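Colleague: coordinates only, no sequence provided:
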């Protein structure tokens, strides 16, 4: 019975974080040249820090892709599915704290994947020009760094709640 309860908690938290990723991406964003800048990645970083990797990958891929698909940016869905899934994989839920050295360092490869991934995807798939693809690199950098700041603030705040940390022990 306890194992079922823990699995239910994992699924519920995964659903909540997926929905939160969608909302923070689709509704709280600033338009840019080719798309928009949002703080939804903060939730993906958080998911990677508190959920087992497969669940965190789901949060990133599905939450981000839903935001693109339901906001009129359907062409970005394939790229987002991969980029946000990979982004979640850099973080670990194995540390007792959400904000730890590993997860802070994970922001760097997340930044590289976001900027490089969207630059390559849009350059090769959408614009057929790498120059055009990387035209929004500054906006993608701002997006990742803004999300990183929000992630750290939320992560440090949530560490004070022992009940929330208990999900980290669920596998």
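Modeller: Looks like it came in fine. Just so we're clear, the structure is a prediction, and the values are computed from it rather than from any experiment.
Colleague: quick one: the helices in the chain?
Modeller: Secondary structure of the chain by DSSP state H: the helices cover 2-26, 41-50, 53-70, 77-89, 101-105, 107-121, 130-133, 137-158, 162-165.
Colleague: what's the most buried one of the ones you listed?
Modeller: Between these, the one whose residues have the most neighbours on average, counting mean count of other C-beta atoms under 10 Å, is helix 41-50 (a mean of 28). (Each C-beta comes from the backbone N, C-alpha and C, glycine too.)
Colleague: that helix packs against which elements?
Modeller: Based on contacts counted as 3 or more C-beta pairs under 8 Å, 6 or more residues apart in numbering; DSSP states H and E, the elements that helix 41-50 packs against are helix 2-26, helix 53-70, helix 77-89, helix 101-105, helix 107-121, helix 137-158.
Colleague: angle of the first one against helix 41-50?
Modeller: For helix 2-26 and helix 41-50, the angle between their directions (axes from the mean of the first three to the mean of the last three C-alpha atoms, to 10 degrees) works out to 160 degrees.
Colleague: report the mean per-residue pLDDT for helix 2-26.
Modeller: For helix 2-26, the per-residue pLDDT values average out at 95.
Colleague: ok, which of the helices and strands packed on helix 41-50 comes nearest residue 33?
Modeller: Ranking the helices and strands packed on helix 41-50 by distance to residue 33, with C-beta to C-beta as the measure, places helix 137-158 first at 7.2 Å.
Colleague: any residues touching the closest one, and which ones?
Modeller: 32-33, 35, 37-42, 44-46, 49, 98-99, 103-104, 107, 110-111, 114-115, 118-119, 164-165 (C-beta atoms under 8 Å, 6 or more residues apart in numbering).
Colleague: just to revisit the earlier point, any chance of the helices and strands packed on helix 41-50 in a markdown table, plus distance to residue 131?
Modeller: Supplementary listing: the helices and strands packed on helix 41-50 in a markdown table, determined by distance: least, C-beta to C-beta, whole Å:
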| stretch | distance to residue 131 |
| --- | --- |
| helix 2-26 | 26 |
| helix 53-70 | 23 |
| helix 77-89 | 18 |
| helix 101-105 | 31 |
| helix 107-121 | 10 |
| helix 137-158 | 11 |
